[in-house]
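Asker: give me the fold of what follows.
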Amino acid sequence: MRLLRVAQRALAACAAMAALAGCGTMPPTPQPAAARSDRGNSWMMPGAANGSLLYVSDTATNDVYVFSYPKGRLVGTLTGFDNPQGLCSDRNGDVFIANSAGEETLEYAHGGKAPIQTLYDPPRSPEGCAVDPVTGNLAVSEGGSETLAIYAKATGKPKHYKSPNITQFAFCGYDDLGNLFIDGSSYYYYYFEFDELSAGTKALKPVALGQTIMQAGGVQWDGKYVAVGDAGANAIYRFSIRGHKGTLEGTTSLTGAKMVDQFWIAGSKVVAANVGGLNVMLWSYPAGGAPIEVVSNPRVQPHKPFGVTVSSPH
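Answerer: As a prediction, the model looks like this:
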């Protein structure tokens, strides 16, 4: 959950400075936020669904903002969430929102202002999600528990998986073959961990990346490599993975960012929720470096942006 993530960052930073010798407190208990009755205040500009859209979750306002992409014009706001966190989208343009404190994952049609499906999984709290391009299955990493949930064909009741090493799941992403990769942490949020659920298998297996990562960030297939974010270093590491072992193939530095949780790779650009900067920024991908654009709008300013996804019409 969001408060767990904040505590995780503080603990990870302390661990890095003190060589893992302090910061042994447990994270605070998260509090519920907005009520579902506010969902009727959602709006979407007519014709918004005709183009690509950038969705941004805000854990402070409990809204999800929708911008035209890549121009960054505000075209809608989805309301009534309880601590919305990670976002993902499928090939049809449908968007999934991990509504953490609501213990549910909501599906919206591209450009739609009301959910077309609600996937409940109490008492677990979803944090990240990903859609398998091969099967259409939906994976949901549950930050408030030690489980990964997978919904067959993105519907119904999920099957739960336990990790042998991750005690706090963060984000997940599928590659083009249906292999699922998940990051998180263990031992009271000190140590970064990374797992794989290979296509057709039934158990999560640890993957040794051979790269120090301070804070678990987004996970996404970039078309060639598995991209893994480091929220502490504001960087994306690109790995080729063979036999549960990762080889670092390159680094994308997100210069100017201040604590990036989730990112979304869209062709030659990467979009990221810049939590510390209270905005959303775009960089060239995989080059990185200085940002090429900042998404801003006079009508709305994200307070605590967390999740991002780019959705395109089918």
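
Asker: tell me the contacts of Gly288?
Answerer: Ala235, Ile236, Thr251, Thr252, Ser253, Leu254, Thr255, Val270 (CB atoms under 8 Å, 6 or more residues apart in numbering). For every residue, glycine as well, the C-beta is placed using N, CA and C.

Asker: report the central residue of this protein.
Answerer: For the chain, the residue sitting closest to the mean C-alpha position, by CA atoms, centre = their mean, is Gly86 at 3.6 Å.

Asker: just checking: what are the partner strands of the strand or helix carrying that one?
Answerer: If you go by DSSP states H and E, Gly86 is part of strand 84-89. With DSSP bridges as the test, strand 84-89 is paired with strand 95-99 (antiparallel).

Asker: quick check: next helix or strand after the partner strand?
Answerer: Assigned by DSSP H and E, the successor of strand 95-99 is strand 104-108.

Asker: now do the strands in the stretch 1-150 of the chain.
Answerer: With strands called from DSSP state E, counting those that start in this stretch, the stretch 1-150 of the chain shows them at 43-44, 53-58, 63-68, 74-78, 84-89, 95-99, 104-108, 117-120, 126-131, 138-142, 147-151.

Asker: and those strands: which comes nearest Val310?
Answerer: strand 53-58 (5.5 Å; CB to CB).

Asker: and the closest one, what other elements does it pack with?
Answerer: strand 63-68, strand 84-89, strand 95-99, strand 269-274, strand 305-311 (3 or more CB pairs under 8 Å, 6 or more residues apart in numbering; DSSP states H and E).

Asker: now the angle from it to strand 269-274?
Answerer: 20 degrees (axes from the mean of the first three to the mean of the last three CA atoms, to 10 degrees).

Asker: burial count for the nearest residue to Trp221 once chain neighbours are set aside?
Answerer: Using CB to CB, 6 or more residues apart in numbering and skipping the chain neighbours, the partner closest in space to Trp221 is Asp175 (4.3 Å). Applying other CB atoms under 10 Å, we find 21 residues neighbouring Asp175.

Asker: show me the contacts for Asp175.
Answerer: Applying CB under 8 Å, 6+ apart, one finds that Asp175 lies in contact with Phe181, Trp221, Val226.

Asker: out of those, who's nearest Ala266?
Answerer: Nearest to Ala266 among the contacts of Asp175, counting by CB to CB, is Trp221 at 12.7 Å.

Asker: tell me what the closest one is bridged to.
Answerer: As for beta bridges, Trp221 partners with Val226 under DSSP bridges.

Asker: now it: how far from Ile241?
Answerer: 11 Å (CB to CB, to the nearest Å).

Asker: so where is the stretch 51-200 of the chain shaky, pLDDT-wise?
Answerer: Within the stretch 51-200 of the chain, the segments meeting pLDDT under 70 span 144-145, 187-189.

Asker: let's see 90
Answerer: Across the stretch 51-200 of the chain, residues meeting the criterion (pLDDT under 90) sit at 60, 71-72, 121-125, 142-147, 167-168, 186-191.

Asker: so Lys153 sits in a helix?
Answerer: Yes: assessed by DSSP: H, G, I helix; E, B strand; the rest coil, Lys153 belongs to a helix.

Asker: so for it, what's the nearest residue that isn't a sequence neighbour?
Answerer: Gly136 (5.1 Å).

Asker: now that neighbour: how far from Gly307?
Answerer: 21 Å.

Asker: among those two, which residue is more densely surrounded?
Answerer: Neighbours per residue (other CB under 10 Å) separate Gly136 from Gly307, with Gly307 holding more: 27 against 15.

Asker: that one contacts Ala98, correct?
Answerer: Yes: the pair Gly307 / Ala98 is scored as a contact, 7.1 Å apart, by CB atoms under 8 Å.

Asker: from what I can see Gly210 touches Gly246, true?
Answerer: Yes: the pair formed by Gly210 and Gly246 meets the contact definition of CB under 8 Å, at 6.2 Å.

Asker: related to what we said a few turns ago, filter the contacts of Gly288 down to the buried ones.
Answerer: Neighbour counting by 16 or more other CB atoms under 10 Å classes Ala235, Ile236, Thr252, Leu254, Val270 among these as buried.

Asker: tell me which of those fall in helices.
Answerer: Assignment to helices by DSSP state H places none of the buried ones among the contacts of Gly288 there.

Asker: which of those sits closest to Met214?
Answerer: Nearest to Met214 among the buried ones among the contacts of Gly288 is Ala235, at 9.4 Å by CB to CB.

Asker: could I get the contacting residues of the closest one?
Answerer: Neighbours of Ala235 in contact, by CB under 8 Å, 6+ apart: Gly229, Thr251, Thr252, Ser253, Leu254, Gly288.

Asker: once you drop chain neighbours, what's closest to the fourth one?
Answerer: It refers to Ser253. Closest residue to Ser253 apart from its sequence neighbours, by CB to CB, 6+ apart: Gly288 at 4.4 Å.
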